[in-house]
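Engineer: Using only what follows, build the 3D model:
(one chain, ligands or ions: 1)
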Amino acid sequence: SVISQMRPRRSILRYLGDEIEPPDAAVELNSTNFDAVLSNSPATYAIVEFFAHWCPACRNYKPQYENVARLFNGPEAVHPGIILMTRVDCAWKMNTNLCDRFSVSRYPMLLWGPPIKFASGKWDPKQEKNEIHSIDDARTAERLLNWINKKLGSSFSLEDEKYENENTLPWNASDPELISRAVYDVEEATTKAFEIILEHKMIKLDTRSPLIKFLQLLVAHHPSKRCRKGSADILVNFDDLWPSGLLPTGPHAASISKERDGLKGFWICGKEVPRGYWIFCRGSKNETRGFSCGLWVLLHSLSVRVGDGESHSAFTAICDFIHNFFLCDECRQHFYEMCLSVSTPLNTTRDLGLWLWRAHNKVNERLMIEEKDMKTEDPRFPKTIWPPKQLCNQCYFAPSSKSHGAALLDWNEDEVFKFLVKYYGENLVSSYKDSVSDSRDGESIVDDMAVSTNAVAVPVGAALAIALASCAFGALACFWRTQQKNRKQRKNLSKT
Ligand SMILES: Cc1cc2nc3c(=O)[nH]c(=O)nc-3n(C[C@H](O)[C@H](O)[C@H](O)COP(=O)(O)OP(=O)(O)OC[C@H]3O[C@@H](n4cnc5c(N)ncnc54)[C@H](O)[C@@H]3O)c2cc1C
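Structural biologist: Below is the predicted model of the structure:
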């Protein structure tokens, strides 16, 4: 009861602003979330501090550790996506086995390594070959950061402020590694897009069908497995969440009931997303890049993943999604005009991939001038006709004197398409960590789709949506899987 009396006083003090404690930047983990958080992290490295809450030295060390963690963790991070800084309280009984797994012999004890190695691994000081290392000199924030700088060849400083030193960071547009981290931005953009749709109550009778079609495209071809699963989960429950009979029409959408206005436990790309920061799409100012960059990368990555037979329906799904759900008025109008100007069907993946690439370059071309005039460009990411030669030299035929605009450049479109397929296909997911442990219903949904014939078990609209998602986008895969499952069932039957 003494404790319960003290709590409110402390929170009042915090509330009054005398002692406002900022939230911890380091993420506290325990035995139940340790593996999932680390295996899902987009960061390249992780530090785990093992401590005990009763240990006075650990309490004194906390501000030092936090001083470094604020550089790398959370939405306000100065250098996000590089190091995930975490802590585990070994004094809690539930964490005993976890701390034993990492041979914790003193407090505080800091380990360094790739997040995935922590998630699946253990550490033993006697084991020679291990990608997890003990950080032996980290007694102050300066010393910990020195250790990190030596390890990474970096020059991070405790004085670094957000965006202040972006121009001095190494930046190499031809680095193929960069795109491999964009998959996390694609997850962020997908989640953000759906948050906006819900926030602005954009699901109405006339926008329902474009949304279902876009979700079908995501179920089959989103580059992130987490988002494929999350989209499938939403599709399966679409009729329950937004029954067509109860959806408002016209501009008075606000009358939609509060309960039905959220995803209620559905996470389109898993519980950890949105993370609150951008990696590939991070601008050098707060207001540049981010969501719209992530959305472009999502669209390109979808365009190279659809099969030839699906390309025109994917084109329509993309156009209708942008038209109905992208809240930037000018953007969606321009984009829709480009959609409407397509007079012959885009019959192949190549047609779709190249159309979207050309459309994006037309936007770049317009913005190159507009942003300069209005002084709204991101100085570190000026608009260019894309891809630049550093990224794809073979995309250009010969050195051309006609350098004013994409349409006039002498593109080798076969090479451009090859490049797009590699860049937004294989390269985009090359460092993706494929854990789906946070999906709502585990593994079952997508597997069930191909054989889901019981339309009574799911609402009719959702059953139709599932059938369309698995067959319209990925007809061959759907057919193959259905055959496989039927064959397996027949085999089992004949055995019994
Ligand atoms: C559908 C859509 C329409 C838009 N229309 C407008 C508009 O009309 N007016 C406006 O002010 N803003 C518009 N925007 C926003 C604008 O295009 C940029 O997204 C924003 O300015 C951020 O730019 P960025 O530097 O991050 O690069 P972005 O243009 O967002 O590009 C993201 C990444 O895609 C790659 N990329 C660039 N060009 C191409 C290409 N041709 N093909 C394939 N990949 C490429 C690059 O790696 C780049 O970093 C639109 C966005 C979208 C998604």
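Engineer: Next up, the contacts around the residue most central in space within the chain.
Structural biologist: The centre of the chain sits closest to residue 187, judged by CA atoms, centre = their mean, with a distance of 2.3 Å. Contacts for residue 187 (CB atoms under 8 Å, 6 or more residues apart in numbering) come out as 224, 226, 227, 269, 270, 273. The C-beta positions use only the backbone N, C-alpha and C, and glycine is treated the same way.
Engineer: Walking through the stretch 251-400 of the chain, point out its helices one by one.
Structural biologist: 291-303, 311-325, 329-340, 349-374 (DSSP state H, counting those that start in this stretch).
Engineer: if we can go back for a sec, tell me the buried residues within the contacts of residue 187.
Structural biologist: Buried members of the contacts of residue 187, counted by 16 or more other CB atoms under 10 Å: 224, 226, 227, 269, 270, 273.
Engineer: which phi and psi does the third one have?
Structural biologist: Pointing back at residue 227 there. The phi/psi pair for residue 227 (degrees, to the nearest 10) reads phi -70, psi -30.
Engineer: if I look at the nearest residue to it once chain neighbours are set aside, how far off is residue 365?
Structural biologist: Leaving out its chain neighbours, the residue that sits closest to residue 227 by CB to CB, 6 or more residues apart in numbering is residue 269, at 4.2 Å. Distance of residue 269 to residue 365, given as CB to CB, to the nearest Å: 32 Å.
Engineer: For the stretch 101-250 of the chain, which residue gets nearest to the ligand?
Structural biologist: Residue of the stretch 101-250 of the chain nearest the ligand, by CB to the nearest ligand atom: residue 179 (7.2 Å).
Engineer: That residue reaches residue 423, doesn't it?
Structural biologist: Yes. The criterion here is CB atoms under 8 Å, and residue 179 meets it with residue 423 at 5.7 Å.
Engineer: looking at it, the residue nearest to residue 227 is touching residue 223, isn't it?
Structural biologist: No. Applying CB under 8 Å as the test, residue 269 and residue 223 come out as separate, 10.9 Å apart.
Engineer: how much space between residue 139 and residue 65?
Structural biologist: Going from residue 139 to residue 65 by CB to CB gives 10 Å.
Engineer: Show me which of the two is the more surrounded one.
Structural biologist: residue 65 (24 against 12; other CB atoms under 10 Å).
Engineer: residues in contact with that one?
Structural biologist: Residue 65 neighbours (CB under 8 Å, 6+ apart): 26, 49, 85, 87, 108, 141, 144.
Engineer: Without its sequence neighbours, what residue ends up closest to the first one?
Structural biologist: Using CB to CB, 6+ apart and skipping residues adjacent in sequence, the residue nearest residue 26 is residue 69, 4.0 Å away.
Engineer: Please apply the same query to the second one.
Structural biologist: On the basis of CB to CB, 6+ apart, the spatially nearest residue to residue 49 that is not a chain neighbour turns out to be residue 87, at 4.3 Å.
Engineer: Packing partners of the strand or helix carrying the one you found?
Structural biologist: According to DSSP states H and E, residue 87 maps onto strand 83-89. Counting contacts by 3 or more CB pairs under 8 Å, 6 or more residues apart in numbering; DSSP states H and E, strand 83-89 is packed against strand 27-29, helix 34-40, strand 45-51, helix 56-72.
Engineer: So what touches it?
Structural biologist: Applying CB under 8 Å, 6+ apart, the contact partners of strand 83-89 are 25-30, 34, 37-38, 41, 43-53, 65, 68-69, 72-73, 95, 98-99, 115, 148.
Engineer: Please apply the same query to stretch 98-115.
Structural biologist: Residues contacting stretch 98-115 (CB under 8 Å, 6+ apart): 30-31, 34, 38-39, 41, 43-52, 55, 57-58, 61, 65, 84, 88, 90, 118, 121-125, 130-135, 138, 144, 151, 433.
Engineer: which of the residues in that stretch are buried?
Structural biologist: 98-99, 101-104, 107-115.
Engineer: and the stretch 351-496 of the chain, which of its residues are near the ligand?
Structural biologist: By CB under 6 Å from any ligand atom, the part of the stretch 351-496 of the chain that sits against the ligand consists of 357, 360, 361, 363, 364, 367, 378, 381, 386.
Engineer: which stretches of the stretch 301-450 of the chain have low pLDDT?
Structural biologist: 399-408, 434-450 (pLDDT under 70).
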